[in-house]
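Novice: Prediction below, plus the sequence it came from.
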Amino acid sequence: MLIVHEERCAACGQCHLVCPSEAFKDWGVVTLDREKCVECYACVDYCPTDALEEGE
Ligand code: SF4
Ligand code: SF4
């Protein structure tokens with residue numbers, strides 16, 4: 001499951017751009033729609049502030 005550390009988010013929009021399933025609802029501070037997330041973890045590699053983490 002993807003772990004989101006909202007307090008680290010710099011609202012850069014990279015995760016919104018790279019997510020293949022549009023799980024990040026909008027620009028600005030990250031908001032994840034877990035029902036859309038397919039756990040590909042592409043977003044983890046692109047987040048510049050380590051706000052996204054691959055969990056168990
Ligand atoms: S793990 Fe993949 S599907 Fe889930 S939010 Fe990140 S990029 Fe999108
Ligand atoms: S890539 Fe990271 S810092 Fe940028 S909006 Fe997404 S969670 Fe926030």
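Specialist: That came through, no problem. Ligands and ions are numbered 1, 2, ... in the order given.
Novice: can you confirm H16 is in a helix?
Specialist: Yes - the assignment for H16 by DSSP: H, G, I helix; E, B strand; the rest coil puts it in a helix.
Novice: and this protein, which residues reach ligand 2?
Specialist: Proximity of the chain to ligand 2, by Cβ under 6 Å from any ligand atom, involves residues 9-15, 30, 46-49, 51-52. The way it works is simple: take the backbone N, C-alpha and C, and place the C-beta from them, glycine included.
Novice: Return the closest of those residues with respect to I3.
Specialist: L52 (7.3 Å; Cβ to Cβ).
Novice: re earlier: for PyMOL, write the selection for the buried entries among the residues of the chain next to ligand 2.
Specialist: In PyMOL, this line selects whichever of the residues of the chain next to ligand 2 come out buried by 16 or more other Cβ atoms under 10 Å:
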select buried, resi 9+14+15+30+47+51+52
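Novice: Of the residues of the chain next to ligand 2, which belong to strands?
Specialist: Among the residues of the chain next to ligand 2, the ones falling in strands (DSSP state E) are L52.
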